[in-house]
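**Student:** Need coordinates for the following:
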Amino acid sequence: MANETIKPYETKMKKSYNNLLDEYTSIRAGRANPHVLDQLRVDYYGAPTAIQQVANVSVPEARMIMIQPWEASMVKAIEKAIMTSDIGINPTNDGKCIRLVFPELTEERRKDLAKDVKKKGEAAKVAVRNIRRDANDALKKMGKGGDVSEDEIKDLEEQVQKLTDKFIAEIDGAIAEKTKEIMTV
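**Tutor:** Below is the predicted model of the structure:
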């Protein structure tokens with residue numbers, strides 16, 4: 001019974017952690033990472049479509065992304081989507097493909113990105129702690145209902161705390177790893 005009671009909260013904590021990792025993939029760290037394009041949508045015959053679904057995205061060099069649309073008519077639409085996004089890179093196109101060249105990050109920009117990484121990590125920790133609070137509130141209600149003994153409630157609360165500690169540690173690890181990636185010249 002103990003594990004089944006806590007399972008939904010563990011799932012929510014895992015989602016918070018995975019959401020943080022997804023956010024981190026969109027932060028560019030001076031190297032070309034095709035995931036910076038994941039959030040971009042391009043108008044494909046009236047439907048907003050992911051760039052990866054209308055073009056071949058590759059990384060031929062450490063600081064360059066090359067986008068080769070399957071249809072030549074898509075070059076302008078993809079270029080426009082990149083220019084209006086907040087990626088901060090101007091695309092160059094030769095009529096057949098688009099190149100995104102990532103400039104080397106300045107020390108100041110690296111520090112700003114590191115702060116952003118830390119802020120997103122803290123938000124994820126807050127989300128995990130809120131899930132812990134919700135779980136503890138639900139457990140207290142169960143205890144007041146008389147369905148479960150006080151000892152069982154204490155055990156469940158300890159398990160919730162262990163889950164919280166585990167995910168907080170994973171988030172701290174992700175923050176440290178992404179910060180190190182950004183600060184590496």
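**Student:** all strands in this structure, in order from the N-terminus.
**Tutor:** Secondary structure of the chain, counting by DSSP state E: strands at 41-44, 47-50, 55-61, 64-69, 92-93, 98-101.
**Student:** closest to Pro8 out of the ones you listed?
**Tutor:** Proximity to Pro8 (C-beta to C-beta) singles out strand 47-50 among these, at 30.5 Å. Just so you know, the C-beta spots here come from the backbone N, C-alpha and C atoms, and that holds for glycine as well.
**Student:** Relative to the centre of the protein, find the outermost residue for me.
**Tutor:** Going by C-alpha atoms, centre = their mean, the residue of the chain most distant from its centre is Gly146, 41.1 Å out.
**Student:** Against Lys162, how distant is Glu4?
**Tutor:** Distance of Glu4 to Lys162, computed by C-beta to C-beta, to the nearest Å: 16 Å.
**Student:** The two: which is more packed in?
**Tutor:** The residue with more neighbours, out of Glu4 and Lys162, is Lys162; 11 against 7, by other C-beta atoms under 10 Å.
**Student:** and of the strands of the chain, who's closest to Ala174?
**Tutor:** strand 55-61 (22.4 Å).
**Student:** Name the strands paired with that closest one and say parallel or antiparallel.
**Tutor:** With DSSP bridges as the test, strand 55-61 is paired with strand 64-69 (antiparallel).
**Student:** Give me the contacts around the partner strand.
**Tutor:** For strand 64-69, the external contacting residues (C-beta atoms under 8 Å, 6 or more residues apart in numbering) are 32-34, 36-37, 51, 54-60, 75, 78, 91, 96-102.
**Student:** Which parts of the protein belong to which domain?
**Tutor:** 2-26+106-183, 34-101 (automatic domain parsing).
**Student:** Any chance of TSV for those, columns mean pLDDT?
**Tutor:** Output for the domains of the chain, formatted as TSV (pLDDT from 0 to 100):
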stretch	mean pLDDT
domain 2-26+106-183	88
domain 34-101	85
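**Student:** tally of neighbours for Asp86?
**Tutor:** Other residues near Asp86 come to 8 when the count uses other C-beta under 10 Å.
**Student:** I'd like to know how far it sits from Gln39.
**Tutor:** Per C-beta to C-beta, Asp86 is found 9 Å from Gln39.
**Student:** Reformat the strands of the chain as CSV; add mean neighbour count.
**Tutor:** Below are the strands of the chain laid out as CSV (neighbours: other C-beta atoms under 10 Å):
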stretch, mean neighbour count
strand 41-44, 17
strand 47-50, 13
strand 55-61, 14
strand 64-69, 19
strand 92-93, 13
strand 98-101, 18
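**Student:** Nearest to Thr184, out of these?
**Tutor:** The nearest among these, by C-beta to C-beta, is strand 55-61 at 17.4 Å.
**Student:** where do the helices sit along the chain?
**Tutor:** Assigned by DSSP state H, the helices in the chain fall at 2-25, 74-84, 107-144, 150-183.
**Student:** Can you point out the buried residues in the longest one?
**Tutor:** Looking back up the chat, that one is helix 107-144. Applying a neighbour-count criterion of 16 or more other C-beta atoms under 10 Å, one finds 110, 113-114, 117, 120-121, 124-125, 127-128, 131-132, 135-136, 138-139, 143 buried in helix 107-144.
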